[in-house]
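J.: have a look at this fold, sequence not included:
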């Protein structure tokens, strides 16, 4: 669609976030640039139409958090090798593939302030392009010196899909319960963070216990990230966040603030919230969730996961890089920036 | 959709095909049964909803041609190992994943005479379920004793997706040309046959030249298979074939008979065919293509690829299994059975 809405490309908040990330990523800036170069080099084709599509989604991924985690974990545990570059690219490609397919799932019109690929090229091409990127990512993962990365990433992706299916299956099931919500976000989001961090440590020669600590760090970071993402979907400004907002409510996707509200609010406020969600009355829903303290609760849960992420890193000897990993965890909480 | 049309489950033609395949698969029947058992065991989940979805698509794949080729190639070249079983399951899972996603692409309502998974569970779940099966297939491929299978299958799938994207991109472009049509079907269909046959030989210890011969055999078989499949879409009886037919015309997908017709028919018959295709007037289109000899031409091209497939096997010493591979090639031509 040529008439898909495209929001302005930059704004002060995004620039501020970039400055912070620039500082946090400083110790791995060379390697991250290598990841970006290899990522671009891998997303090519002999066919000009396909090459255009691939070029279009090149900057789909934004913050490059997954490769950054992989590289920082590796650097913290020892030294970075070619395996880290290759697997950093794989992490980013797998994430990109899920974004391309998420656009189909969500019927999203905006992604990173540009028309999403399915608005541009249709659902069919989006499915196939995502499939291509998945396959190519798996192919690339076999370029690492051992098959551990390929195995872990394919396992992680299989779990990611299950998490997303459970989410679709529980649509309009607002009384899902916090436990099930967590299970869903662990699958659909946190697993790929956890696996990236773990592989970074593993390929730097870390022992199993340390690799496991990084897995847990990534898992907690991912949980916090998704809770914040869901909060932003309810509370954020579209122009700021750069993607279609409020779509969780519209899609009947129960997220933590509403789940919490339904668990604690008195009967009339419960029913009112369900009615507001079903009727896609966002202002009314926001007021209700605010009054029951549910936004505060959700932000608190995200904060607790960040605290857990930082605590888990205490198995490592103190270092500047360890401090940086803690700062990255804190950054997840400031995502409204 | 609960009201999706479901055609009768069996018929005489399908039973006849099964009898023939039963004979052709006889030398590998034990191993094929192992593949089927492992395939079923792999498609499971802790979640009852997902388990139901996976059970539903268990018999999506029909003739099991890809694992059968892999096993027969292996048996012809030496002996079958656990690698053959594992990679046979992978071939079938990858094929299943593409079918699940094809249903989205084609908006197909029928698949193997049952409601397709997207009619049953929606596009979103179909995308995710296909992604899960892809990921899980790649994970499983790493259980083989070397990474060759994982590498070749991921490369093949990346190419398969490109073939499918080119097909979508050339929709309503009826004057595509035979060369481009062949390039598309080589990607979307033949590559997975070729890779399956090649890996069967490779994992039985065949040298590179022999493995390459099997790759070419599978490639030619796949080309013939897809040409026949496209012919059936135009000519077949829905009740016989067990899937929605005529959808290629409806979708503006140019296939060989029409491509040939446009290359050889005089001007009025060319324009009439394009009008009939655009207007989805199947009876008129069939008459025109028949009159220009285009069906005969397409069947002849399929026959030529089958002949090439058989000829390529002459590098092997004569054996009963080699003869069987020739019979399987011939079987592709009799698919209206």
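T.: Great, that's in hand. All values reported here derive from a predicted model rather than from experimental measurement. Residues are numbered from 1 along each chain as shown, chains lettered A, B, ... in the order given.
J.: now stretch A:269-287: buried residues?
T.: By 16 or more other C-beta atoms under 10 Å in any protein chain shown, the buried positions in stretch A:269-287 come out as A:269-270, A:272-274, A:276-277, A:281-282, A:285-286. Just so you know, the C-beta spots here come from the backbone N, C-alpha and C atoms, and that holds for glycine as well.
J.: quick one: end-to-end length of it, please.
T.: Across its full length, stretch A:269-287 reaches 10 Å between end residues, using C-alpha to C-alpha, to the nearest Å.
J.: picking that back up, which of the buried residues of stretch A:269-287 sits closest to chain B?
T.: Of all those, chain B sits closest to residue A:277, with 19.0 Å by C-beta to the nearest C-beta.
J.: next up, the contacts around the closest one.
T.: By C-beta atoms under 8 Å, 6 or more residues apart in numbering or on different chains, the contact set of residue A:277 is A:174, A:249, A:252, A:258, A:285.
J.: one more time with 10 Å
T.: By C-beta atoms under 10 Å, 6 or more residues apart in numbering or on different chains, the contact list for residue A:277 reads A:172, A:174, A:248-250, A:252-254, A:258, A:261-262, A:284-285, A:288-289.
J.: could you do residue A:74 as well?
T.: Counting by C-beta under 10 Å, 6+ apart, residue A:74 touches A:28, A:31, A:80-81, A:83-85, A:87-88, A:197, A:199-206, A:214.
J.: repeat for residue A:175
T.: With C-beta under 10 Å, 6+ apart, residue A:175 has these contacts: A:254, A:258-259, A:262-263, A:270, A:274.
J.: picking that back up, and the contacts of residue A:74, which of them are buried?
T.: A:28, A:31, A:80-81, A:83-85, A:87-88, A:197, A:199-204, A:206, A:214.
J.: and the pLDDT for residue A:21?
T.: For residue A:21, the pLDDT comes out at 85.
J.: what does residue A:111 give?
T.: You'll see residue A:111 listed with a pLDDT of 57.
J.: try residue A:167
T.: Looking at residue A:167, its pLDDT is 89.
J.: the helix or strand containing it near chain B anywhere?
T.: Using DSSP states H and E, residue A:167 sits within helix A:148-169. Yes. Helix A:148-169 is in contact with chain B by C-beta under 10 Å from any C-beta of the partner chain, via A:148, A:150-169.
J.: please look at residue A:190 and residue A:308 and confirm they touch.
T.: No. Residue A:190 lies out of contact with residue A:308 (C-beta atoms under 10 Å); the separation is 11.8 Å.
J.: more crowded one of those two?
T.: More neighbours surround residue A:190 than the other of residue A:190 and residue A:308, with 25 against 17 (other C-beta atoms under 10 Å in any protein chain shown).
J.: what residues are up against the closest residue to the more buried one other than its chain neighbours?
T.: Leaving aside its chain neighbours, residue A:190 sits nearest to residue A:222 (2.7 Å; criterion: C-beta to C-beta, 6 or more residues apart in numbering or on different chains). Neighbouring residues of residue A:222 by C-beta under 10 Å, 6+ apart: A:65-66, A:69, A:185-197, A:305, A:309, A:332.
J.: ok, now with 8 Å
T.: A:185-186, A:189-194 are the contacts of residue A:222 under C-beta under 8 Å, 6+ apart.
J.: out of the residues you listed, which is most surrounded?
T.: Taking other C-beta under 10 Å as the neighbour criterion, residue A:193 ranks highest of those with 30 neighbours.
J.: from the buried ones among the contacts of residue A:74, which are also near chain B?
T.: By C-beta under 8 Å from any C-beta of the partner chain, no member of the buried ones among the contacts of residue A:74 lies near chain B.
J.: residue A:196 contacts residue A:69, correct?
T.: Yes. Using C-beta atoms under 8 Å, residue A:196 is in contact with residue A:69, at 4.9 Å.
J.: more crowded one of those two?
T.: Ranked by neighbour count (other C-beta under 10 Å), residue A:196 and residue A:69 place residue A:196 first, with 34 against 29.
J.: not counting its neighbours along the chain, what's nearest the most centrally placed residue in chain A?
T.: Centroid-nearest residue in chain A: residue A:189, 5.4 Å away (criterion: C-alpha atoms, centre = their mean). Among residues not flanking residue A:189 along the chain, residue A:226 sits closest, at 4.1 Å (C-beta to C-beta, 6+ apart).
J.: next, that neighbour: secondary structure please.
T.: Under DSSP: H, G, I helix; E, B strand; the rest coil, the three-state class of residue A:226 is helix.
J.: so which bits of the helix or strand harbouring residue A:96 are buried?
T.: Here residue A:96, judged by DSSP H and E, is contained in helix A:82-106. For helix A:82-106, the neighbour count (16+ other C-beta under 10 Å) marks A:83-106 as buried.
J.: now it against helix B:82-106, angle please.
T.: 40 degrees (axes from the mean of the first three to the mean of the last three C-alpha atoms, to 10 degrees).
J.: mean confidence score for helix A:82-106?
T.: Rounded mean pLDDT across helix A:82-106 is 90.
J.: re earlier: next, count neighbours for the residue nearest to residue A:189.
T.: If you count neighbours by other C-beta under 10 Å, residue A:226 ends up with 25.
J.: need the contact list for it.
T.: Counted by C-beta under 8 Å, 6+ apart, residue A:226 has contacts A:185, A:188-190.
J.: likewise for residue A:43?
T.: Residues in contact with residue A:43 (C-beta under 8 Å, 6+ apart) are A:54-55, A:57-58, A:93, A:133, A:136.
J.: could I get these in TSV, plus columns for distance to residue B:232?
T.: What follows is the contacts of residue A:43, written out as TSV (distance: C-beta to C-beta, whole Å):
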residue	distance to residue B:232
A:54	34
A:55	38
A:57	36
A:58	40
A:93	37
A:133	32
A:136	32
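J.: this completes my enquiry, with thanks.
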